[in-house]
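>>> For reference, the sequence and a predicted model appear below.
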There are 2 protein chains.
Amino acid sequence: MNSSNKRRAASEPVSELTTNRLSVYLRCLHQLEASGVETISSQALAEQFGLNAAQIRKDLAYFGEFGVRGVGYYVKDLKRHLRQILGLDRKLKVAVLGAGNLGQALADYPGFRREGFEIVAMFDASDTKIGDASRSGVPIYDIRDLRKVARREHIDIGVIAVPAESAQPVLDMVVAAGVKAILNFSPGTLRVPPGVKLKSVDLTVSLESLSFYLAQGGEDG
Amino acid sequence: MNSSNKRRAASEPVSELTTNRLSVYLRCLHQLEASGVETISSQALAEQFGLNAAQIRKDLAYFGEFGVRGVGYYVKDLKRHLRQILGLDRKLKVAVLGAGNLGQALADYPGFRREGFEIVAMFDASDTKIGDASRSGVPIYDIRDLRKVARREHIDIGVIAVPAESAQPVLDMVVAAGVKAILNFSPGTLRVPPGVKLKSVDLTVSLESLSFYLAQGGEDG
């Protein structure tokens, strides 16, 4: 969809863990830029944000020669490169399925907008919600108009924020509307056809790693 | 806090990636039990849920001998063991800081309750919210009463769901109230003192891995 990733096209695929780390680096660079920092070494980046310097160098080297000997990384340049690698150099349009508390929270989540994701629509089946909008102004459409609105608005990513029992039928509607990437917040396993990417966020997993920590009597692990 | 993890106490610490995978296995076992499945091999478990069989065997072997030759795993037994390992064999009490859309969504998130997390309180600074309750009945307290309520209710985990600019001061209040484990949904880096475990969930990271997928022209990576 863009031409910025030629370097890795011929090599092995990049794991989701790597792209997750690139996202984290990007977030750190935002903060550095906001504080007026112009260059930073992998060592300083690692120390300041609790990361691993060798891992940073390895992850970045995979995509090109971004470091400069004796200087480290130019914050603004590296930020631009990471945004290209992550496909954030074009606006991606997002629709949220389900206009309950979770859907509304996601529609108004400030982090999405900052990275260039544009939440263009919410969808719901409830008459009391259809025609309304989120606090930040995202319109709520009738779920029955999904295909029409998805095409008109060129929606790239669908976010599933409906109750578990509606998740698979709603996901099927999103796929039928031609959306190729789906982020799911609903619990339970969902199925997508080949050619569609599904990523599920299970909020319980995060709480359980804290539970594990507490069960160990609080030693870090 | 419980005595179920003696086996690993003497060995190296378990990574967060491992505990995350244990959480996923537990979720799969729930589904299998609900469908009446009594035993399953690591191979079948892997195939049915898109996991890695060797990884499953390795992760589980670390905590004990749960597999039975020629049978695989007893679903109910393994579920019980995983719940013990993850510290879910006792109720953990959770407070949500911030009663906006995100806080309300988290307070009512059905997955938490199913795993034995009890959301006992929300806190907010807004007079229009204090004294009210979430849809599922979680009471909203004045943030100024945090210390008092946290002690009375024996809160184990605090969940930060406030705007970015209030996140650090609210986190400091949670720590001062004696809470040792914190799950943060606010963007930006937060600091905790030693002895307190902080886990941050950045929802933007999930969207960015989809963005990366779309930027590759949709080939899986």
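Arrived safely.

>>> Now the element after the helix or strand of chain A with the lowest mean pLDDT, going C-ward?
Every helix and strand of chain A was ranked by mean pLDDT, DSSP states H and E. The lowest is helix A:6-9, at a mean of 42. Sequence order places helix A:16-34 as the next helix or strand after helix A:6-9, per DSSP states H and E.

>>> Against which helices or strands is the helix or strand that that next one is followed by packed?
Proceeding N to C from helix A:16-34, the next assigned helix or strand is strand A:39-40, under DSSP H and E. Judged by 3 or more Cβ pairs under 8 Å, 6 or more residues apart in numbering or on different chains; DSSP states H and E, strand A:39-40 is in contact with strand A:73-74. From N, CA and C alone the C-beta is placed, and that goes for glycine too.

>>> got the angle for the helix or strand just after the strand it packs on vs helix A:16-34?
Next helix or strand after strand A:73-74 toward the C-terminus (DSSP H and E): helix A:75-85. Put simply, helix A:75-85 runs at 150 degrees to helix A:16-34, going by axes from the mean of the first three to the mean of the last three Cα atoms, to 10 degrees.

>>> tell me what helix A:75-85 is packed against?
helix A:16-34.

>>> Is chain B within reach of the helix it packs on?
Yes - Helix A:16-34 reaches chain B (Cβ under 8 Å from any Cβ of the partner chain) through A:16, A:19, A:20, A:22, A:23, A:24, A:26, A:27, A:28, A:31.

>>> okay if I get those as a markdown table plus pLDDT and distance to residue B:112?
A markdown table is the format used below for the residues of helix A:16-34 next to chain B (pLDDT from 0 to 100; distance: Cβ to Cβ, whole Å):
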| residue | pLDDT | distance to residue B:112 |
| --- | --- | --- |
| A:16 | 73 | 24 |
| A:19 | 83 | 27 |
| A:20 | 80 | 23 |
| A:22 | 89 | 30 |
| A:23 | 86 | 25 |
| A:24 | 84 | 25 |
| A:26 | 90 | 30 |
| A:27 | 85 | 26 |
| A:28 | 88 | 30 |
| A:31 | 85 | 30 |
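
>>> Pull out the buried residues from the residues you listed.
A:19, A:22, A:23, A:24, A:26, A:27, A:28 (16 or more other Cβ atoms under 10 Å in any protein chain shown).

>>> Could you pull out the strands in chain A for me?
Along chain A, the segments classed as strands by DSSP state E run A:39-40, A:73-74, A:92-97, A:117-124, A:140-142, A:157-160, A:181-184, A:197-200.

>>> of all the ones you listed, which gets the most neighbours per residue?
Stretch with highest mean neighbour count among those: strand A:157-160 (a mean of 27; mean count of other Cβ atoms under 10 Å in any protein chain shown).

>>> Partner strands of that strand, with direction?
Using DSSP bridges, strand A:157-160 pairs in its sheet with strand A:92-97 (parallel), strand A:181-184 (parallel).

>>> Let me know which of these is the nearest to residue A:196.
strand A:181-184 (6.6 Å; Cβ to Cβ).

>>> residues in contact with the closest one?
Identification of contacts with strand A:181-184 by Cβ atoms under 8 Å, 6 or more residues apart in numbering or on different chains yields A:156-160, A:167, A:171, A:174-175, A:190, A:192, A:196-201, B:206-207, B:210-211, B:213-214.
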